[in-house]
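*Asks:* could you look at this predicted model? Sequence included:
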Amino acid sequence: MQQSRVHCHLLPWRVLWSDQAMLMTVPLFARQVLIPMTLEADGEYHCTVALPPGRHVFKFLQLNPLPQRRAMYQAARAQQSLDKGRYYLHPTLPRETLPSGIEVNYLHVPPPPIFRVLYHTHCSEAYIHYRLAGYEESFRCARMYHTCTGLMTAYINSPAPDTSLEFIIQGTTSNGDSNGDGSSNGSSNHNGSTSGWQQQGSDWMHNRGSRASTSQPERDPPDGQPYYTASRPGTWRLKQGRLRLDEASQLHPLMLCTDLDGTLIEDQAEENDWIRRNDDATYSASLHFHQYVAPAGGLLVYNTGRSIGMVEGLLAKKKGVMPWPTAVITAVGTKIFLWDVAKNKWTADPAYEQLLDEGWNLNEVRQQAKKLLNRFNGAASVIDDGSEHPHRMSLQIQQHVLNDLVSQWSQGLMEAGVQHQMVASIGGDWRYVDCIAINAGKGRAMAYLAARFGIALEDVVAAGDSGNDLLMLGRLTEGNHPAIVMSNSHPEVWDWLARCSPEERSWIYTPKAERAAGLVEGLKAIIADKLAAQHARQLQEQQLLLQQQQPPLHLPGQPGTVRALRG
């Protein structure tokens, strides 16, 4: 793992109390740290603070004139010191008000300059030989590690932001080690074992006839050719002999929130050629995500109508084909599960469950449904009475009574004061209808996770193909976000898309390919549009800067008057 480097900041403070001590108080690692400031010859207090990259808040503490003891600065006696002084804010540094109402100073420590080399390779082991131009004469050597199947990574610290990196890569593929696909037996998955989806994918591809492995060493670039040069710190991608700056890594991280059935995967009881072709597409989508989206900090969330038990069974069944997600939204957005490393299992998010309790009454939902089942005898049946998912009840309803039954069900719940939503999916003679809590749904759960992970809504990508996906494909209360409507979507999705406003439609992508291949096509288009928008903003900023730097043109003897030029 990369060793974090810190930047030092000099914080001056004008002397107002020559006989008193000044301290800087910084919350670090869940503890209040006191940093003594030194009165120097310039008449100001100073301190040099080593802080990790990120945003830091702090205040200044003026202590009463007491003998300074070493124990005064120890964290265990920090409160004793805090009670004997008075807080102040720095007059020139930026300020903010915390949610608690306390006003503080803050500063942002930028990340240190670093080279990250992403290497697309079939090698099972690789070493990067490098030197920093202008700083080193000889080459150093560092081992690269597997990010995922077919991709290896190296991190190299840079002494300055204008340094260039010169390097070559040497690698080998050992017999029986990775079957030539770039994975290794030492790759780690989510729970720290050595059989993650990277290695599973290796076995899966081997069964489909991947190329034979070789133990011959490889040099990139080949012998006789000069080394590669990365002109400045940043993320660089080396693929098929071409080194380029990875622009996608400069974007904000994406959160891909995708439906499963009909979008990322297809699943049937018996495997056949059609399922195998779809598994190939799913595996390719997995590689694309982990090679191009995840290195930029991207997250993967499954948003499905399945239960968590069904998702776990699917992950086991398609082991090595499907990527492991960061989170799983189940039961039409009524449950959110996160992986608990300590317990080695998926656990429900309790804060989300409390949010769904607002305005919800499962017993009343059941009572209203029971009345309608008796009234529409034989035309509807219970799929899920809420026993497993207490914020959802699901019915299967015949098409010819669908609107009437759902209308009466919703009306009865409103009269009983139950806040709810009705979600229908899957066409045909029978329709699935979910009655869920008002704060639930695929869209609300997606927005909740985005806020939890610190992802802006405009960087959340939803993908789906059926009616119950509309809650995440369309505009949310917080605003619009990119969405991928699969080309194999159900008719109700196309009907909804035709009714979308032009402004909402501009956020929606409709790839030509189906299912997982369409998912990759949509992701590429979204990233390309984001890069184009970023380039446009940068160009506009550069033009504005040039305009500000150009001196005004004045008429002789008339300061401040601009003369129009023709030419």
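*Replies:* On my side now, so go ahead.
*Asks:* so Leu523: helix, strand or coil?
*Replies:* Look at Leu523: counting by DSSP: H, G, I helix; E, B strand; the rest coil, its state is helix.
*Asks:* show me what contacts it?
*Replies:* By Cβ atoms under 8 Å, 6 or more residues apart in numbering, the contact set of Leu523 is 254, 256, 288-289, 293, 461, 484. The way it works is simple: take the backbone N, C-alpha and C, and place the C-beta from them, glycine included.
*Asks:* swap the cut-off to 7 Å and go again
*Replies:* 293, 461 (Cβ atoms under 7 Å, 6 or more residues apart in numbering).
*Asks:* let's see the pLDDT reported for it.
*Replies:* pLDDT, the model's per-residue confidence, is 97 for Leu523.
*Asks:* what is the neighbour count of Ala142?
*Replies:* 14 (other Cβ atoms under 10 Å).
*Asks:* likewise for Ala483?
*Replies:* Considering only other Cβ under 10 Å, Ala483 is surrounded by 25 other residues.
*Asks:* how about it: which residues does it bridge to?
*Replies:* Ala462, Ile508 (DSSP bridges).
*Asks:* quick one, longest strand in the protein?
*Replies:* strand 54-63 (DSSP state E).
*Asks:* buried ones in that one, by neighbour count?
*Replies:* 56-63 (16 or more other Cβ atoms under 10 Å).
*Asks:* now stretch 412-428
*Replies:* 412-413, 418, 420-421, 423-426.
*Asks:* now, which of these sits nearest Ala248?
*Replies:* For these, the minimum distance to Ala248 (Cβ to Cβ) is 33.2 Å, reached by Ser425.
*Asks:* who's in contact with that closest one?
*Replies:* So Ser425 contacts 305, 432, 466-468 (Cβ under 7 Å, 6+ apart).
*Asks:* do you know the pLDDT at it?
*Replies:* In this prediction Ser425 is given a pLDDT of 76.
*Asks:* re earlier: how far off centre is the longest strand of the chain?
*Replies:* 30 Å (Cα atoms, centre = their mean, to the nearest Å).
*Asks:* elements contacting it?
*Replies:* The contact analysis (3 or more Cβ pairs under 7 Å, 6 or more residues apart in numbering; DSSP states H and E) places strand 54-63 against strand 22-28, strand 85-88, strand 103-109.
*Asks:* buried deepest among the ones you listed, which one?
*Replies:* Highest mean neighbour count of these: strand 22-28, a mean of 18 (counted as mean count of other Cβ atoms under 10 Å).
*Asks:* would you mind writing the CA trace of it as PDB?
*Replies:* What follows is strand 22-28, C-alpha atoms only, in PDB (Å, rounded to 0.1, in the frame of the first residue of the first chain):
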ATOM      1  CA  MET A  22      -0.900  29.500  22.300                       C
ATOM      2  CA  LEU A  23      -2.000  26.000  21.200                       C
ATOM      3  CA  MET A  24      -3.500  24.700  18.000                       C
ATOM      4  CA  THR A  25      -6.300  22.200  18.600                       C
ATOM      5  CA  VAL A  26      -6.900  19.700  15.700                       C
ATOM      6  CA  PRO A  27      -9.200  16.600  15.900                       C
ATOM      7  CA  LEU A  28      -7.200  13.700  14.400                       C
END
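*Asks:* ok, residues contacting it?
*Replies:* 11, 13, 32-37, 45, 47, 49, 56-63.
*Asks:* how about a cut-off of 6 Å?
*Replies:* 13, 33-37, 45, 47, 58-61 (Cβ atoms under 6 Å, 6 or more residues apart in numbering).
*Asks:* next, format those residues as a markdown table and append pLDDT and distance to Gly171.
*Replies:* As requested, the contacts of strand 22-28 are exported to a markdown table (pLDDT from 0 to 100; distance: Cβ to Cβ, whole Å):
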| residue | pLDDT | distance to Gly171 |
| --- | --- | --- |
| Trp13 | 43 | 54 |
| Val33 | 77 | 44 |
| Leu34 | 79 | 50 |
| Ile35 | 79 | 46 |
| Pro36 | 82 | 51 |
| Met37 | 80 | 51 |
| Tyr45 | 77 | 54 |
| Cys47 | 78 | 47 |
| Phe58 | 83 | 46 |
| Lys59 | 84 | 52 |
| Phe60 | 82 | 53 |
| Leu61 | 81 | 54 |
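*Asks:* packing partners of the helix or strand where Asp279 lies?
*Replies:* Assigning secondary structure by DSSP states H and E places Asp279 in helix 273-288. Counting contacts by 3 or more Cβ pairs under 6 Å, 6 or more residues apart in numbering; DSSP states H and E, helix 273-288 packs against helix 515-549.
*Asks:* re the thing from before, average pLDDT across the helix holding Asp279?
*Replies:* 95.
*Asks:* on that earlier part again, in helices only, show me the contacts of Ser425.
*Replies:* With DSSP state H as the criterion, helices contain none of those.
*Asks:* between those residues, which sits nearest Trp236?
*Replies:* Using Cβ to Cβ, the contacts of Ser425 come closest to Trp236 at Ser466, 40.4 Å.
*Asks:* any stretches of this protein with poor pLDDT?
*Replies:* Residue ranges of the chain with pLDDT under 70: 1-22, 28-31, 64-84, 174-216, 426-427, 550-567.
*Asks:* what packs against the host helix or strand of Ala369?
*Replies:* Assigned by DSSP H and E, Ala369 falls within helix 362-375. Applying 3+ Cβ pairs under 6 Å, 6+ apart, we find helix 362-375 packed against helix 402-415.
*Asks:* orientation of the helix it packs on relative to helix 362-375 in degrees?
*Replies:* 140 degrees (axes from the mean of the first three to the mean of the last three Cα atoms, to 10 degrees).
*Asks:* downstream of helix 402-415, the next helix or strand is which one?
*Replies:* strand 420-425.
*Asks:* and that following strand, how far out from the chain's middle?
*Replies:* With Cα atoms, centre = their mean, you get 28 Å for strand 420-425.
*Asks:* and the strands in the stretch 201-350 of the chain, which stretches?
*Replies:* Ranges of strands within the stretch 201-350 of the chain are 218-220, 228-230, 234-239, 242-245, 255-258, 299-303, 327-330, 335-340, 345-348, based on DSSP state E, counting those that start in this stretch.
*Asks:* TSV for the buried residues of strand 54-63, including distance to Met152?
*Replies:* Formatted as TSV, those follow (distance: Cβ to Cβ, whole Å):
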residue	distance to Met152
His56	34
Val57	38
Phe58	40
Lys59	45
Phe60	47
Leu61	48
Gln62	53
Leu63	53
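*Asks:* so Asn439 is in contact with Leu355, correct?
*Replies:* Yes - if you go by Cβ atoms under 6 Å, Asn439 and Leu355 touch, sitting 5.2 Å apart.
*Asks:* ok, back up a step: which of the contacts of strand 22-28 lies closest to Ser124?
*Replies:* Using Cβ to Cβ, Val33 comes nearest to Ser124 of the contacts of strand 22-28, at 44.6 Å.
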